[in-house]
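Asks: okay, sequence plus prediction incoming.
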Amino acid sequence: MATTEMWVVVQLNGEPLAFPATLIKEVVPWQPLNPIPSHATGVIGLISLRGETLAVMDVLQMNGLGQVENPSFMLVLDFPESRVGLAVDKVEGVQYFNIDELDTNMAGGYVQGTLTREDRLYQMINPQALEQLMAQFTDIGQLGQMEP
């Protein structure tokens with residue numbers, strides 16, 4: 001039996017990335033960030049969202065792949081231990097993918113594999129690996145407790 005799951009597809013510098021829908025608490029329009037007092041790689045600022053202070057991350061910076069040039073949205077990722085914002089260029093919407101078709105040849109880092117659909121290569125995000133990557137660069141939980 002096929003394992004079809006709901007994923008939220010976004011773009012980072014034109015590349016489609018798919019996040020498990022269960023990881024995303026909400027998608028909010030981009031807004032100005034408060035600067036942070038540390039120089040943690042990939043942390044681009046803090047934002048207050050409904051009374052909660054979130055660290056906002058740029059996953060491209062964390063990987064040394066440049067940066068999100070013109071973010072238009074922020075994904076609020078709901079990890080078991082923390083909640084964090086992630087800058088993205090564009091939100092394409094929800095798609096259903098059959099995880100049994102995942103190609104793991106290009107897996108690595110926070111990408112658990114790729115899926116090709118209609119000549120587009122989607123990088124499928126592994127939430128645990130992404131949380132671990134973010135934790136390597138900063139204590140997300142601690143950043144979230146800072147006052148902007």
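Replies: Great, that's in hand. Residues are numbered from 1 along each chain as shown.

Asks: contacts, neighbours, all on C-alpha from now
Replies: OK.

Asks: so residue 136 is in which element?
Replies: Per DSSP states H and E, residue 136 falls inside helix 127-137.

Asks: likewise for residue 18?
Replies: strand 15-20.

Asks: paired strands for that strand, with orientation please.
Replies: Strand 15-20 pairs in its sheet with strand 4-12 (antiparallel), strand 120-125 (parallel), by DSSP bridges.

Asks: which stretches of this structure have low pLDDT?
Replies: Applying pLDDT under 70 to the chain flags the ranges 1-2, 38-39, 137-148.

Asks: next one: phi and psi at the residue most central in space within it?
Replies: For the chain, the residue nearest the mean C-alpha position is residue 86 (4.8 Å; Cα atoms, centre = their mean). Torsion angles at residue 86 (phi, psi; degrees, to the nearest 10) stand at phi -130, psi 120.

Asks: does it really touch residue 60, like I thought?
Replies: No - Residue 86 lies out of contact with residue 60 (Cα atoms under 8 Å); the separation is 10.3 Å.

Asks: please name the bridge partners of the residue nearest to the centre of the chain.
Replies: Applying DSSP bridges, one finds that residue 86 bridges with residue 57, residue 75.
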